Structures are given as C-alpha cells and as structure tokens.
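Engineer: No sequence on hand, only this structure:
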Ligand SMILES: Cc1cc2nc3c(=O)[nH]c(=O)nc-3n(C[C@H](O)[C@H](O)[C@H](O)COP(=O)(O)OP(=O)(O)OC[C@H]3O[C@@H](n4cnc5c(N)ncnc54)[C@H](O)[C@@H]3O)c2cc1C
Ligand code: HEM
Ligand code: SF4
Ligand code: F3S
Ligand code: FES
C-alpha cells in the first residue's frame, strides 16, 4: 500500500459548514488543507432548510439576550450559558458576515435580510413566537455551504476531496498528524500538521428513520474514543418531529413557522394540549414526544405511526385566525398558495417526488426522525478539544460544528441554532488554530503512523467470517430505533446494549467481496459500521446512565427532570470495551433552571 | 413488484472490460433507484460502486443515466420507470469504476467562471440592501447542487469536453445577475470565449436533466444577451 | 470521456425531447447544405457548361431523386421553422426557454413542419406520378 | 429602497458571438427568400420541368437575379457557418480549428464565386 506524506500547519477534517468556515479563517494566515470524504458541497450542511438564527430584529423587536434565553431554555438548562451567550451575541455579526460573503438571503420589502418564526424562538415579553430565523428560501444551508466553499476557492484553500480520515496521530499528547485513505486509489496519506480541526458533522445513521445523510456515521468521534479521548452528552440526540413518513426526509419547522399545523386522526390540532402558548412551534423534543404519545394512544392517522402536517392555505388561514396571528404591519396573517409555493419550494418538491402528494392539496404524513447530535467531542469556548472534565486541553486539536459539544445545545437544540453554531464556532476554531500554529512547532510523526489504519484495513479486506455489513447495519438501526430513540427505559436500554455487544462481536467477523483499491466503497462502509457501533454503544450506555428526563432524553422510568443530581454533562470513555463516566457541571450565568413550558 | 435491474460495471483494476450485470429484485414501487442499488450492494454484490450521500436529492452525488437519461438515483422512483431499469454512468466524463466518473474536469470548468461573490467595496455595518425583486432575479440559479447531470447530458459536451458546460454557466449566472456582485463584466468576458456560452446549441437536454428544475437554457440565453447588450436587468 | 464515440453514443442512446430537435436540426442543416453545394454547382453549369446542366437536370428527374426531393422540402421546412423557434426564443423571449413551454414548442414545430409539408409532398408526388406515367 | 438600480456593463465584443449572430440574422432573412424559392421551384413548378430555357426566362428579370444572388449568399454562408459550428464540436485544438475555418472559407469562396459568376453571366445558350 502506497503512503504519501504532506505537511500543513492546519488540517481541517470535514468540508461542511463548520469545516469550511474554519478553513476560511485558518487559511488566511496558515497553510491549510481541507480533507473530506465528500466533495465539500455535498456535505450535509446543504440539507439545512429553515434558517440561521440571529436576533437582527429586522421585522420586529428582538435581542440577542432573548435568543440566548430561548436557547438556554430550549436546552432544558443543560447548555453552558457562557457559550450560549457568546454564540447568540455573535449571531448578528456573523450573519452579516455571511451576507457580505454573498449568501443570498431572502429580503424584506425594504431590502433587509428576511426572517421567519421557528420553534422555541420567542419574544421574551409576550412568549409569542418571534421572527428570528434568517432564511434563503428553504435552502439556507445549501446557500451557506455553497458560499463558504466558493470563498475558500477564491482564497486558494487546498482541498483533498474523497479522502476518508481514519486516524489522528499524537506526539506526547499533541496533535502530530492525520491519516486518510484516498478513496479513488486506495492509497494512504499522512498529513503532518501542527493542528487539526475536526468538523465531521453528526451520526444520524445510527437510526432507521433519519434526516441525516448516509455518510453521517460519526467516524471521528469514534477515532477519538479509540485514542482514549472522551465524548460528552452522548445520550442527547434530537428527533425532529416532522420527517416524511418512513423516509425520514426532513420537513422543516419553517413549514410550521409559515403556519402549518399538526393534526391527528381525529382532525384535532393536538399541539394545543401539549404547548398551549406556542402550540406547533414548541421545541422539538416536546413536539416529537407529543406525536409519539398521539400515536401510542391510537390517534395516529388511521391508527398508524404517523400524523399529518397540514400546510394547505385554507388550514393555515383558519388557525391563523383562531390564533389571532398578524403580519408585521398589524394586518391579519393570511397566506395564498403562491406565497407558500415561493417560500417552501423544496419541501413541496420532496412531497411530490417521494409521496406523490401536493401539500397544497393534501396534508403531509410525518413522523419523528433522527436528526441532530447535541453531544459529541467536548471542547472549550475556543473550540479546543479537551481530554477530561477538568477542561484539560489537547494541544493542537480543535472541533467545531455538529460533531463538537461546546455545549450550546444542551439537552435539546433549537431549530436554526446549528447553522449558527457551525459558523460561529467554525470561525473560532479557524482563528484559534491559526493563532496556535504561529507559536507551535511541527511535532515529529510517530513511527507507527499508519499501523492502526493498515491493521484495520487488512482485517476488513481479508476477513472471512462471512458476516454481512448490511445485516449488522440494519440490526443496529432496528435496535436503536426500538430502544434508544424518543422514549427510553432501563429495560430497553439494557436490551439494546446486549444486542449492540453481540453486533460488535459479529462485526469482528465481517467480510467484504470487493478487494480492489479503486473506490472500494464497500470497504469504507464496513469501516464506518465499526465507528457507528462504537457510537451506538456509548449512546445507549450514556442513556442508561442518566436516570432523569431532560430535553431529548426521555426516560419513562424517570419521567422528571432531576436538577439535584443531573444538572451536569456526561463524559464517557471507552477503553477496550470498558467504559468510564465522569461529569462536568453546567455553566449557569444568568438563568437558573426552571420548569419548561411553551 | 419484480424488476430487472441492469447495471453498468467497469473496474479497470481487474483488467475488466465494461459489462452489464443483471439483477432480479423484488421491490416496492415507491423505492428509489438508490434503494435498489443499496439492495444490490448490501445483499448481492458488495463491489458495486457509486456515490451517494443525502438520499433525497440535495447533495448532488448520485447523478447517473437511468433508462437513458440523467437523473439522481435518489430522486427517481421505480414506479416511474417500469420493470426494466438500466443504470449507467453519466456520459462525457472518464469512468473510474462502475457508476463513478472523474468529476475533476467538471469542477475545473466550474472554477473557471469565478464562482464566488465579489464586491470589493468595504462592507456596510449591516447587510447590503437588496430588494426582493433583485433577489428574485437570480433565485433559480442559486439552486444548483453541482451534480453534473446537465453538463453530461449536453450533446456539445459529449463531443467537446472543453466546452464550459451548462453547470458552469448556471453558476456564473447566479453571480452575474446578483445586484450586489461587481464582477459581472469579467465573468461575461470569460463566458464569451470560444468554449463559453456560444458553444451552446440550445439542445435543451440540460434543462430536462436538471434535478433541481433550474431553467438552464433560459439562464444561458440570458447570459448570451448580457454579453451582447451589457444589460443585466 | 468526451470524444466522437461518446457523442455518437449519446446522440443515439440518450433519451430527451430537446435532443430530438437538436439532432433533426443538425441533420437537416447538414443534409440541406450537402444538397445546396451540389445545387449551386449544377446551377453554375448554366454559365460554365450548359450542356452538362441539362444532364444534371436529367438526374433530378430520376425517381429516387424526385422522392428525395420531397424529403428535402420537409428538411428545409423543419430546419427553417425550428431555426425560427430558436431565434425567437434566443433574441426576444428567453423566458420561452422554460421547461414546459420549450418542450411543447419542440413538438409544435414538428407538427407544423409536417402539416405544411403534406400538401407540398402531395403536389410533388402528384408531379412525379404524372411525369412517370408519361404526363 | 428607492428606485431599482439599473445594472449595466460594457458589452463584450467576441468573435464567437458574431458567428452566432450571423446564423440568426441570415436565418431570419432566409425566411423571406428560401421558403418562396423552395415552394415555387420544388413544389409549384417542379424541378422536372426546369431546363435551361426556364432558367434563362427567369433571369431575364434582373430582380430575379438579385433574388437568387441573395439566396445564394444567405443560404451558403449560413450553411457554411453552421458546418463550422458542427465541426467545432469535433475539432478541439486551436490549430485544427484554424485549419478547419480556412478550408471552409476556401470552399465557401470558390463555390460562392462559381454561383455568383453564373448568376451574373446568365445562361449561355449555344
Ligand atoms: C435535513 C436537515 C435540516 C436541517 N435544517 C437546519 C436548519 O434549518 N437550521 C439549522 O441551524 N440547522 C439545521 N440542520 C442542522 C445542521 O444543518 C447541521 O447540524 C450542520 O449543517 C452540521 O454541519 P457540520 O459542518 O458540522 O457537518 P456536515 O455539514 O455534516 O459536514 C461533515 C463533513 O465531514 C466530512 N466527513 C465526515 N466523516 C469524515 C471522515 N471520516 N473523513 C473525512 N471527512 C469526513 C464530510 O465529508 C462532510 O464534509 C439541519 C440538518 C438536517 C439533516
Ligand atoms: C429559413 C431558413 C433557416 C433558418 C431560419 C435557419 C436557422 C438556423 C439557426 C438559428 C441555426 C443555429 C442553431 C443554433 O445555434 O442552435 C442554424 C444552424 C444551422 N443551419 Fe440553418 N437555418 C435556415 C436554413 C438553413 C439552410 C438552407 C442550411 C443549409 C445550407 C442550413 C444549415 C445549417 C447548419 C449546418 C446549421 C448548424 C447546425 C448545428 O449546429 O447543429 N440552415 N440554422
Ligand atoms: S444546473 Fe442542475 S443539473 Fe446542472 S449541476 Fe446544477 S443542479 Fe445539477
Ligand atoms: S444541453 Fe447543451 S447545448 Fe446548450 S441548452 Fe443545454 S447546454
Ligand atoms: S444522494 Fe444526494 S443527491 Fe442523491
């Protein structure tokens, strides 16, 4: 196997929004490479639809402080409030910066960035939804991703596309390099570097019904686990309430922002029961649970596992009247079909393509879908990766975006806050890494740089046990969906862990048919499966460990939030099948935990 | 329902010649072609190689020729195809393995049109203002996901790989008609070159192929007009 | 790869409506050009070698040529109408390049070219029959 | 926001654009000459009835000679420029394209000249 060596100051792993923002800033002064298993424009940031949150106040009164409070409350008080304040106060500036880079936001009649309401974002005085999500049609993430990629091209950032990162190398506790497998050739590449920024996004592929891309398999968190580093708050994984039934394709909250409502089999707008004030725009964990309960109590459509999301103009207008919703100028809120078509073109297209229905004529069947990892690689406010609950920094290692856990989202992320998170902390990571490399020297590569990678490659290529990747994947998804999703119990989680342990054993006997070097994607998928199993395991374990209900983590056997014992972050290490937990207190600056009502 | 899936196979590494493999599958009419490929890869022949990621038509990974025309495998349902489905790589880019082609020439053309926002005035404190009408002017071409379905459906490109191709023009259009951008003139000069817009013979395959339903031929016509008249309205 | 082989494969095997118009336009254009060159040369005989002109015209009176001529007229009609379509869209109505309308226009041009051609073909066929039945 | 800004740049003068425009201009003009020509000669009269005498008769009218001159010029330049477009698809090197353009130009010049001389000279009845 051929090995190529490159030398950089900063290596960014992942070409999504977080990685590209980091690269844009790092490459201003440092020699920077982006190593990504996909062409950057194919990253899942491009799937983000609804908008990016920032209290610009373009349409009505709004303040970063309100945004911060909503985020803290949305996080079920598990978010670190110093990080939350930092992010929300940075938000307007960074959205303007994106606009200056060319992001084509929609516009208000007077030419400013247009904003729409989104779940959990409220006017703190009235408790009513506020227009805070800055949007570019319903493809905000796509526009941000494209723009950041384009600006990187302009700046001459080096890209290594379709390179699959398999390992991170350390020298005396500092980052020394990154190992990647070039998909086109099967060669190995060792990037010697002073700093590495991990920005590889989420791992929604652990579940069956998911809004996440097939490539979101949590590779780098698994690498760090294997390298003896911890992960934080893995039990918190968000299920978005409105995925297209069975497929999981996301129907943005923006649909409800524009006035769409959730309807059960009896034709009731059931969110009135669960969130009397903001109703359909309650935060995601609340809505997802509501749908589960409706379904469980037999009020799913036709008794099935889904409800309707109704965005037909007549329905929207009916409930807007009932709610007394108004336009910015005070006139009653009333939409036409044309308006909705213009604001939600992609959603309408999805429904037509995959369901064969026109949402202007028929309601959309939806069910909760695995969506977003709140937990991940623990970092400081400066995006530095830490090795323990004492905030001990790993020199040269940074993480940003969905893969990281700062933690701004705590137990539940608000819509629009992830795009914000990736650009704010992507930028921080880029700046910090660039600053770090000016005074750090290039550490030597360890002698065994590629050993772990080679070993694993050999094992996968030559495995003869006869286990199929596809079988293990589908069994893993099944058990995660059954026991480690919206509702959890001790019994279920224990069963899940047993099953996952069995799958991990079987994984050792996996064999693949493709032995070639060129685009051996079967090999890559087998590798990804190993990573997913590790993450599934720590997710279930962390969920079993946390005996309370908070945000997205809902334990039926412990249905109350328990601030006494659990107002803290979970850190988990996994070493040779053995795990260890530790805890870090939540940073509270302004807002003491209260009961969360919407 | 039962379908016959015929897939183009090629792996030069095994000294192999291009061939077609046939699979008989039992599928749901609502399955995507991508689901069929995943089924084959998972349970019939793991060596089948193709790109994919988002699985719902927004990342642009899996453009391929399905029953003779370019589409995204993840956006094409079995029920719209009938019971014989032929899957081949997109045309005009070198095939590397099975359904995977070398995208580099495609991205080279993209990079040539300076596909990045340029405005060298010091930015205002807040956003640059733009009316909803000005914003709507270039909305259509912002939708591009760089899947290459258009460029590789273009009869001119099939014969002449140095033609910039519709995707590059679409991405130039996105900036040329953005009222905030200042480099329209340079981009138009690039597109007026020999391998630029004038090579387009309005064959229209591109517009038919675009999974984002971008009105590509119209965009190209608008660029041509802008080159001739200098009018960017 | 981009090369004549790929192009040919695409022309023949790719499935799209617009391409039909493109191929027909190209084939009719080249076909008419081919005929035009012959036609200019043979017409020039009237000045350069008149005795050969009669000979050439004699050739036009052969049955295969008379039948071919009928199709030539369609080719000119089609190419001209489709050319007009392209010119109008390009120069005056870019918005007509939008998908649905443009696809319809391809069909319309085909239909109109055939409709216009039918009476012409009828007349020409009649001429041919008359000529060959000793008219 | 006040008046919409009018955005203008300098038009780009490029040779490819001229070829492109030329196809369109000649195409439009040809509607006036080519269709009548084809309809009259091929359909109404019928080529089988055309002979030297007929040609001589037609060209006796100088206007008809102007008409045929226009016909010759428009169709043939249009066709040759069209052929150039087609060949461009298959000839990619700058030198190849230059050579191709020259060859087409020579063919165009020779054939056009022949046609032009014939129209001016008229039918030589022996
Ligand atoms: C359908 C959908 C809609 C959403 N809508 C919104 C919204 O409206 N507002 C909002 O704020 N958030 C939204 N989100 C969430 C948000 O889009 C994501 O959390 C965010 O884009 C993640 O960005 P990222 O840069 O961290 O990762 P990604 O964009 O996922 O990028 C990950 C990158 O890492 C690379 N990578 C992964 N593994 C490897 C490896 N082993 N080696 C090399 N490279 C690797 C990939 O190639 C990719 O380039 C949405 C998410 C989804 C799924
Ligand atoms: C009313 C008559 C005609 C009109 C309106 C017309 C119009 C056009 C137009 C607009 C094009 C350019 C197509 C494009 O760029 O996409 C074109 C191309 C062409 N024309 Fe014509 N044309 C006419 C007659 C002719 C005649 C008589 C000939 C033959 C001598 C001819 C030969 C060609 C050729 C070879 C091409 C190039 C085709 C290609 O690029 O595929 N045309 N025509
Ligand atoms: S214009 Fe359409 S077909 Fe072409 S690359 Fe973009 S999205 Fe794909
Ligand atoms: S297919 Fe090609 S010729 Fe023009 S209209 Fe599209 S680019
Ligand atoms: S997999 Fe993303 S477009 Fe098909």
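Structural biologist: Cool, got the structure. Everything numeric here is computed off the predicted structure, so don't read it as measured data. Ligands and ions are numbered 1, 2, ... in the order given.
Engineer: what's around the residue in the stretch 1-150 of chain A positioned nearest to ligand 3, how many residues?
Structural biologist: Here the residue of the stretch 1-150 of chain A nearest ligand 3 is residue A:41; by Cβ to the nearest ligand atom that distance is 10.1 Å. To be clear about C-beta, it is placed using only N, CA and C from the backbone, and glycine gets the same treatment. Close neighbours of residue A:41, defined as other Cβ atoms under 10 Å in any protein chain shown, add up to 26.
Engineer: does it really touch residue B:146, like I thought?
Structural biologist: Yes: Residue A:41 is in contact with residue B:146 according to Cβ atoms under 8 Å; the separation is 5.3 Å.
Engineer: before we move on, could you check phi and psi at the residue of the stretch 1-150 of chain A closest to ligand 3?
Structural biologist: phi -70, psi -10 (degrees, to the nearest 10).
Engineer: Give me the distance between it and residue B:58.
Structural biologist: 10 Å (Cβ to Cβ, to the nearest Å).
Engineer: Which element, helix or strand, includes the most centrally placed residue in chain C?
Structural biologist: For chain C, the residue nearest the mean C-alpha position is residue C:75 (1.4 Å; Cα atoms, centre = their mean). Under the criterion of DSSP states H and E, residue C:75 resides in helix C:63-91.
Engineer: For that helix, which helices and strands make contact with it?
Structural biologist: Applying 3 or more Cβ pairs under 8 Å, 6 or more residues apart in numbering or on different chains; DSSP states H and E, one finds that helix C:63-91 makes contact with helix B:216-229, helix C:17-48, helix C:50-60, helix C:99-132, helix D:15-37.
Engineer: Chain A: which of those is closest?
Structural biologist: helix C:99-132 (13.8 Å; Cβ to the nearest Cβ).
Engineer: Helix, strand, or coil at the closest residue to residue A:568 other than its chain neighbours?
Structural biologist: Among residues not flanking residue A:568 along the chain, residue A:583 sits closest, at 4.3 Å (Cβ to Cβ, 6 or more residues apart in numbering or on different chains). Put simply, residue A:583 is strand when judged by DSSP: H, G, I helix; E, B strand; the rest coil.
Engineer: Hmm, residue A:570 and residue A:583 touching each other?
Structural biologist: Yes: in this structure, residue A:583 is within contact of residue A:570 by Cβ under 8 Å, at 6.4 Å.
Engineer: Between those two, point out the one with more neighbours.
Structural biologist: Ranked by neighbour count (other Cβ under 10 Å), residue A:583 and residue A:570 place residue A:570 first, with 26 against 15.
Engineer: which residues does the residue in the stretch 251-400 of chain A positioned nearest to chain C contact?
Structural biologist: Residue nearest to chain C within the stretch 251-400 of chain A: residue A:349 (13.8 Å; Cβ to the nearest Cβ). Contacts of residue A:349 were listed using Cβ atoms under 8 Å, 6 or more residues apart in numbering or on different chains, and they are B:57, B:213.
Engineer: my guess is residue A:463 contacts residue A:513, does it?
Structural biologist: No: in terms of Cβ under 8 Å, residue A:463 does not count as a neighbour of residue A:513; the distance is 10.9 Å.
Engineer: Neighbour count for the two, which is higher?
Structural biologist: residue A:463 (16 against 12).
Engineer: which secondary structure element contains the nearest residue to residue B:113 once chain neighbours are set aside?
Structural biologist: Take residue B:113 and drop its neighbours on the chain: the residue closest to it by Cβ to Cβ, 6+ apart is residue B:172, 3.9 Å away. Here residue B:172, judged by DSSP H and E, is contained in helix B:166-176.
Engineer: close to ligand 4, is that helix?
Structural biologist: Yes: Helix B:166-176 comes into contact with ligand 4 (Cβ under 6 Å from any ligand atom), by way of residue B:166.
Engineer: check whether that helix contacts ligand 3.
Structural biologist: Yes: counting by Cβ under 6 Å from any ligand atom, ligand 3 has neighbours in helix B:166-176: B:166-167, B:170.
Engineer: related to what we said a few turns ago, okay, buried residues for the helix holding residue C:75 please.
Structural biologist: For helix C:63-91, the neighbour count (16 or more other Cβ atoms under 10 Å in any protein chain shown) marks C:66, C:69-70, C:72-87, C:89-91 as buried.
Engineer: which among the residues you listed are in contact with ligand 2?
Structural biologist: Within the buried residues of helix C:63-91, those near ligand 2 by Cβ under 6 Å from any ligand atom are C:79-80, C:83-84, C:86-87.
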